[in-house]
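A.B. asks: Provided below for reference: sequence and predicted model.
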Amino acid sequence: MRIRTAHIGRRERPLVDRIEDIAEQAVQLVEGAMRARVGRVDLLITDTRGVVDLLDEAERAAVGGRPATTRYPETPLGRTAVTASGVLVAINADTHRPRKLRELDTTLVHELVHAVQLSQRAARADALVHLRNNYGVAEMTRSQVRAANRQVERHERQARSLEHLARKL
């Protein structure tokens, strides 16, 4: 796992240090709980705009699409995306100031669950099909879209159910 930063300054150093300290342990906890391995993951610590724009750019590169018309929440805690070479996990430094480091642990675990989910071959292929639809590259039928949205909801429920692992960090 590679950890990098973008669009943040020195005042976020405690956040970066905390992620560097717990990232490998968090991966081990999540992999153990899910009984699955995480593939190639890049972990990005960035600001709110970076979470939205950099992940949009990575997804577009993976599917060859035009810029998204769908926007994500203005202040996401984090986000995970399929990329051309693996999975990109972005943590929003704007929402995790140093006094909120416990929440950071929970966000990291939540997003790593999504990274494990998207590292599975079938889930990755399904996510790419869904992204191609979202970016206007290839259309899905209504029933396919509903099925894909149900899968996203199942993934989200599973990620929330494993957030308790953050207490072990």
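C.D. replies: Done, it's in.
A.B. asks: For the biggest helix by length in the chain, list every residue counted as buried.
C.D. replies: Of all the segments assigned as helix in the chain under DSSP state H, the longest by residue count is helix 13-34. For helix 13-34, the neighbour count (16 or more other C-beta atoms under 10 Å) marks 15-16, 18-19, 22-23, 26-27, 29-31, 33-34 as buried. Heads up, the C-betas are built off the backbone N, CA and C, glycines and all.
A.B. asks: TSV for those residues, including pLDDT?
C.D. replies: Below are the buried residues of helix 13-34 laid out as TSV (pLDDT from 0 to 100):
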residue	pLDDT
Leu15	93
Val16	95
Arg18	95
Ile19	96
Ile22	97
Ala23	97
Ala26	98
Val27	98
Leu29	98
Val30	98
Glu31	98
Ala33	98
Met34	98
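A.B. asks: ok, then the element right after the lowest-mean-pLDDT helix or strand in the chain?
C.D. replies: Ranked by mean pLDDT, DSSP states H and E, the helix or strand of the chain with the weakest confidence is helix 48-63, at a mean of 91. Read in the C-terminal direction, the helix or strand following helix 48-63 is strand 78-82, with elements assigned using DSSP states H and E.
A.B. asks: so how far is that next one off the chain centroid?
C.D. replies: Taking the mean C-alpha point of strand 78-82 and that of its whole chain, the gap between them comes to 2 Å (C-alpha atoms, centre = their mean, to the nearest Å).
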